[in-house]
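Engineer: Take this sequence and fold it.
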Amino acid sequence: MTSLFRRKRSEPPTPPPEPTATGIDCSVPGCPNSDALTCEYRDRRGRICQLAFCPNHGAVIDGVPYCRRHASTVRAIGHRASDPNGLPDVNDRTPSLVNWISRELDAHIRTQLEAAAGEGESVIVDDAVHLSRDYNRNLRWERSWRLVENTGLVLKISVNVSEENDALVRIIVGSEMVADGIPPWIARRRMGEDVDVAIDVAQRQLFYQYLQESIATAVAEFRGSGDRPHAR
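Structural biologist: Numbers count the residues shown, from 1 in each chain. Below is the predicted model of the structure:
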């Protein structure tokens, strides 16, 4: 008897289209591709990125082509990228760094705040990196997590990097800076050092462990003291 049901044959995946030669060389050193697009990033001062990128070294976001660096910047600031007056300077890596560190710490910070939350308190998380000012009115890029209740802020944790020192990551819990440091991969780049992958991984783990332990200690001390933070 012939079955009334036949298994549908799986179709082979459609191969990606072949890159179209534009005659523009990719700006990434050592890349031989000549199918590059020019990055269309324009900062708040009207300066334009001078790089070109092939499909391996860039991205198209909402129909706009960006080099790898500025694709990272646009993803970091989220919907604020639609405001031409809010775009970081063309050479500013700060928002990308804040977003990178924040992604690594996100689960840990959420866990700490959720464990510390009392009755009627909830956790609110920034969906993107934004520009703010510190108590000296210096500009900094930051991403924050907040423990709130119906009357307002209970505790705020933020990762920030100032524009005046674009490599120094600071962790603020409440009104106190509880940890700061230059990520090991940036420190090595500044000194022109290169290390094995295993050493790189170990250094990164130690750096994030230091930040996580500092946050956990600060949250525990805050909740134990019962003090209210000053919003920043």
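Engineer: Now the element after the lowest-mean-pLDDT helix or strand in the chain, going C-ward?
Structural biologist: Lowest by mean pLDDT, DSSP states H and E among the helices and strands of the chain is strand 130-133, with a mean of 86. On the C-terminal side of strand 130-133, the closest following helix or strand by DSSP states H and E is strand 139-149.
Engineer: excluding its backbone neighbours, what's nearest Leu131?
Structural biologist: Once flanking residues are discounted, Leu131 sits nearest to Trp141: 5.8 Å by Cβ to Cβ, 6 or more residues apart in numbering. In this view, the C-beta of every residue, glycine as well, is placed from N, C-alpha and C.
Engineer: So the one you found sits against Val161, correct?
Structural biologist: Yes - the criterion here is Cβ atoms under 8 Å, and Trp141 meets it with Val161 at 5.7 Å.
Engineer: Next, Pro29: secondary structure please.
Structural biologist: coil (DSSP: H, G, I helix; E, B strand; the rest coil).
Engineer: what sits against the residue nearest to Leu131?
Structural biologist: 88, 94-95, 98, 129-132, 160-161, 163 (Cβ atoms under 8 Å, 6 or more residues apart in numbering).
Engineer: Repeat that for Val90.
Structural biologist: So Val90 contacts 41-43, 47-49, 70 (Cβ under 8 Å, 6+ apart).
Engineer: and the gap between it and Glu40?
Structural biologist: Remark: distance between Val90 and Glu40 (Cβ to Cβ, to the nearest Å) = 12 Å.
Engineer: what touches both of the two?
Structural biologist: Common neighbours of Val90 and Glu40 (Cβ under 8 Å, 6+ apart) are 48-49.
Engineer: which of the residues in the least confident helix or strand of the chain are buried?
Structural biologist: 130-131 (16 or more other Cβ atoms under 10 Å).
Engineer: And stretch 78-89, by the same measure?
Structural biologist: By neighbour count on 16+ other Cβ under 10 Å, the buried set for stretch 78-89 is 80-81, 87-88.
Engineer: show me the contacts for the closest residue to Asn138 other than its chain neighbours.
Structural biologist: Spatial nearest neighbour of Asn138, chain neighbours left out: Ser162 (5.6 Å); criterion: Cβ to Cβ, 6+ apart. Listed by Cβ under 8 Å, 6+ apart, the contact partners of Ser162 are 94, 134, 138-140, 168, 170.
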